[in-house]
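[1] structure, please.
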Amino acid sequence: MQQLSILILAAGQGKRMVSDLPKILHRLGNSPLLTHVLTAAHQLEAAATRIVVYGHGGEMVRAAFADEPNVLWVEQAEQLGTGHAVAQALPLADDAGVALVLYGDVPLIQSETLQPLVDAARQGQLALLTVELDNPAGYGRIVRDDQGQVQRIVEEKDATPSERGLSEINTGILAVSTAKLRGWVAELRNENAQGEYYLTDVIALAVRDGVPVEPFTVTEPLEVQGVNDRRQLAELERYYQRRQAERLMRDGATLLDPARVDIRGVLSTGRDVVIDVNVVFEGTVRLGDRVKIGPFCMLKDAVIGDDVQILSHCWVDGAEVGSGAQIGPFARLRPDTRLAAGVHIGNFVETKKTRIGTGSKVNHLTYLGDAEIGTGVNVGAGTITCNYDGVNKHKTVIEDDAFIGSNSSLVAPVRIGRGATIGAGSSVSRDVPDSSLCLTRAPRKEVTNWQRPVKTKKL
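    Alright, predicted model coming up:
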């Protein structure tokens, strides 16, 4: 099979974004625009050579993708048009294969849409992706002959009034023999209104040389929509989120309002999951069967077991939650929290780097950090683990079946033994033996006939 070289043009400045950030680093679904294009290219053909032509903000772009494997980078120092950009990438492409041209600011292109173009190119055709628009203003028009064959593409600034009336436009995405593309690009001239080297001019050159031009029309215009300003970015974000929501519902999840769920990463769901409104998912999140997520929750890089209920206004970040657990409302699970089955985490409870055993309950107004908590433990309201001495973090261990009274301070490092009871209001800084009661309250003191201080009136 002929080697596929994917040329991704990503050198534009994006002046209309009104930003110090290069356009391709602006985010859609919480990932840079270029990330979406690179992902589609990889999904299309993992063995393809991916070549990115970058320009404005080059150092920032390269730094943002330093960990991206198997990408070749080439700089377009002067932005002289799309044909000029392709010319910079072609030395890295395999002449014996085919080339596919994509754009770093067209983030929602799908590998399924691109595959027919690559197949046609491998059969000796020039495959061109087009789209019909109700309002084609600003785009290059597809010019066909009386038999409907594509003859050329004309940019709007160079088009005649009749050509401007055409509604089929060029997306800029094409696939063709690399060797033929190299020859045509060498022939390009900048004798046009923009003074640029247009890649679109290769269509007429292909017709001249008898290379069949095969148009493929995409059905959803937003899939090939480029991002030129923040309004377009917001429009694509909504389309992207709608597409994610539709996928979730096809997979068996119930979204109480599909327009008010945002997926900014990768979300997988089990059967009969229910997600309420204004829930945001970031990073990689996995939901088990019959999970229920209340409104106004944020889940990031989390694993949620079967039959878990997360009530409203919870933040779950880098945590694993066991089956049958109940979280919230207004709970915060921070990174390295691990909850076993049946754990209850209540309102205004925060955990960090903490493991909690099966059936334990932490129901109210509590902070647990750097802690290991056994099974069947009850932690009362207002309890905190004092884990930080200003320099180092220390561990608190609470063994099985312990009972921690309300408003207790556990000063780490400390161990609370199995079945031990901590009286409410205690400050515990030494280990507590198994099955014992620990009280550290100050003795009660009463002063009779106490007179409160009285302010003296100013004269």
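[2] what about residue 163, is that helix, strand or coil?
    Judged by DSSP: H, G, I helix; E, B strand; the rest coil, the three-state class of residue 163 is helix.
[3] what of residue 90?
    helix.
[4] isn't it right next to residue 180, touching?
    No. If you go by C-beta atoms under 8 Å, residue 90 and residue 180 don't touch, sitting 11.2 Å apart. C-beta coordinates here come from the backbone N, C-alpha and C atoms, glycine included.
[5] and after whatever helix or strand residue 52 lives in, which helix or strand comes next?
    Applying DSSP states H and E as the criterion places residue 52 in strand 49-54. Remark: after strand 49-54, the chain's next helix or strand is helix 58-64, criterion DSSP H and E.
[6] show me what that following helix is packed up against.
    With contacts defined as 3 or more C-beta pairs under 8 Å, 6 or more residues apart in numbering; DSSP states H and E, helix 58-64 has no helix or strand neighbours.
[7] any idea of the mean pLDDT in it?
    Throughout helix 58-64, pLDDT has a mean value of 92.
[8] now do stretch 389-403
    Here stretch 389-403 scores 97 as its mean pLDDT.
[9] next, the buried residues of it.
    Applying a neighbour-count criterion of 16 or more other C-beta atoms under 10 Å, one finds 395-403 buried in stretch 389-403.
[10] what is the burial count for residue 231?
    Per other C-beta atoms under 10 Å, the neighbour tally for residue 231 reads 10.
[11] before we move on, what about residue 182?
    16.
[12] same question for the one 5 residues further on.
    Here the number of neighbours of residue 187 (other C-beta under 10 Å) works out to 11.
[13] can you give me every residue that contacts it?
    Going by C-beta atoms under 8 Å, 6 or more residues apart in numbering, residue 187 touches residue 205.
[14] what's the spacing between residue 374 and residue 278?
    36 Å (C-beta to C-beta, to the nearest Å).
[15] the two: which has the busier surroundings?
    Comparing residue 374 with residue 278 by other C-beta under 10 Å, the one with more neighbours is residue 374, at 21 against 17.
[16] with adjacent residues omitted, what lies nearest to the more buried one?
    In space, not counting the residues next to it along the chain, residue 374 is nearest to residue 400; the distance is 3.7 Å by C-beta to C-beta, 6 or more residues apart in numbering.
[17] same thing with residue 153?
    The nearest residue in space to residue 153 (C-beta to C-beta, 6+ apart) is residue 200, at 3.9 Å.
[18] am I right that the one you found is in a helix?
    Yes. The assignment for residue 200 is a helix, going by three-state DSSP.
[19] mind putting the buried residues of stretch 389-403 in TSV, distance to residue 245 and secondary structure included?
    Output for these, formatted as TSV (distance: C-beta to C-beta, whole Å; DSSP: H, G, I helix; E, B strand; the rest coil):
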residue	distance to residue 245	secondary structure
395	42	coil
396	42	strand
397	43	strand
398	41	strand
399	45	coil
400	43	coil
401	44	coil
402	44	coil
403	44	strand
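[20] ok, now which ones touch the residue nearest to residue 153?
    82, 140, 152-155, 170, 172.
[21] and the strands in the stretch 1-150 of the chain?
    4-10, 27-28, 31-32, 49-54, 71-75, 98-103, 126-132, 141-144, 150-154 (DSSP state E, counting those that start in this stretch).
[22] returning to what we had before: wait, which of the buried residues of stretch 389-403 is closest to residue 409?
    residue 396 (10.5 Å; C-beta to C-beta).
[23] wouldn't the closest one be in contact with residue 408 here?
    No. Taking C-beta under 8 Å as the definition, residue 396 is not a contact partner of residue 408, at 11.0 Å.
[24] contacts for stretch 236-246, please.
    By C-beta under 8 Å, 6+ apart, stretch 236-246 touches 28-29, 107-108, 222, 225, 227, 255, 258-259, 261-263, 267.
[25] before we move on, back to that, from residue 117, how far out is the residue nearest to residue 374?
    In terms of C-beta to C-beta, residue 400 sits 62 Å off from residue 117.
[26] now residue 106
    14 Å.
[27] more neighbours, the two?
    residue 117 (25 against 22).
[28] got the confidence number for that one?
    pLDDT, read off for residue 117, is 98.
[29] alpha carbons of the longest helix seen in the chain, as CSV, please.
    Longest helix in the chain, counting residues (DSSP state H): helix 230-250. The C-alpha coordinates for helix 230-250 follow below in CSV (Å, rounded to 0.1, in the frame of the first residue of the first chain):
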residue,chain,number,x,y,z
ARG,A,230,-13.9,33.4,18.8
ARG,A,231,-17.5,33.4,17.6
GLN,A,232,-16.7,30.5,15.2
LEU,A,233,-14.8,28.8,18.0
ALA,A,234,-17.8,29.0,20.3
GLU,A,235,-20.1,27.7,17.5
LEU,A,236,-17.8,24.7,16.9
GLU,A,237,-17.6,24.0,20.7
ARG,A,238,-21.4,23.7,20.8
TYR,A,239,-21.4,21.4,17.8
TYR,A,240,-18.6,19.3,19.3
GLN,A,241,-20.4,19.0,22.6
ARG,A,242,-23.7,18.1,20.8
ARG,A,243,-21.9,15.3,19.0
GLN,A,244,-20.4,14.0,22.2
ALA,A,245,-23.8,14.1,23.9
GLU,A,246,-25.4,12.1,21.0
ARG,A,247,-22.6,9.5,21.3
LEU,A,248,-23.3,9.1,25.1
MET,A,249,-27.0,8.7,24.5
ARG,A,250,-26.4,6.1,21.8
